[in-house]
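**Student:** sequence first, then the predicted structure, then my questions.
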Amino acid sequence: MTFAWYGHLKLQEMKISNSWPLIGVILFSWGIALFEYCAQVPANRIGFVGNGGPFSLMQLKVIQEVLSLTVFTLIVTLCFKGEALHWNHFVAFGCLIMAVFFVFLK
């Protein structure tokens, strides 16, 4: 969802989508999100313990959030040069690692 939600901002920064109407930006974002959902929905379905997978719903959600925030951070730091990582961001990532640990704790 990172590409769908924030990719249009990079296009605007590159002066590609400045003249697009809002509905055009929304449709562009939905088009990107469709591909992301085509990967996420089957992954959740296959990974869910109720369908024979190894993960509970809580575990799937925590995995998804950690992956989303990691991808978001990479995109922001690589594509948007005005954004920088600070100490509090690293502390937040430490909390995410602890969340993964605790959600998988038996």
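**Tutor:** Perfect, I can see it now.
**Student:** what kind of secondary structure is the most centrally placed residue in the chain in?
**Tutor:** For the chain, the residue nearest the mean C-alpha position is S68 (2.7 Å; CA atoms, centre = their mean). Per DSSP: H, G, I helix; E, B strand; the rest coil, the secondary structure class of S68 is helix.
**Student:** next one: the one 4 residues further on
**Tutor:** Reduced to three states with three-state DSSP, the structure at F72 is helix.
**Student:** correct me if wrong: it contacts F3.
**Tutor:** No: if you go by CB atoms under 8 Å, F72 and F3 don't touch, sitting 9.8 Å apart. To be clear about C-beta, it is placed using only N, CA and C from the backbone, and glycine gets the same treatment.
**Student:** wouldn't S17 be in contact with I26 here?
**Tutor:** No: if you go by CB under 8 Å, S17 and I26 don't touch, sitting 11.4 Å apart.
**Student:** which parts of this protein are helices?
**Tutor:** For the chain, the helices defined by DSSP state H cover 2-13, 22-47, 57-79, 87-104.
**Student:** can you redo these as JSON lines with mean pLDDT?
**Tutor:** Shown next, in JSON lines, are the helices of the chain (pLDDT from 0 to 100):
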{"stretch": "helix 2-13", "mean pLDDT": "80"}
{"stretch": "helix 22-47", "mean pLDDT": "90"}
{"stretch": "helix 57-79", "mean pLDDT": "88"}
{"stretch": "helix 87-104", "mean pLDDT": "92"}
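**Student:** returning to that earlier point: next one: the residue nearest to the centre of the chain from V62, what distance?
**Tutor:** The spacing between S68 and V62, counted by CB to CB, to the nearest Å, is 11 Å.
**Student:** and if you look at V25?
**Tutor:** Distance, V25 to V62, using CB to CB: 31 Å.
**Student:** which one's more surrounded, the two?
**Tutor:** Shown here are V25 and V62; by other CB atoms under 10 Å, V62 has more neighbours (19 against 16).
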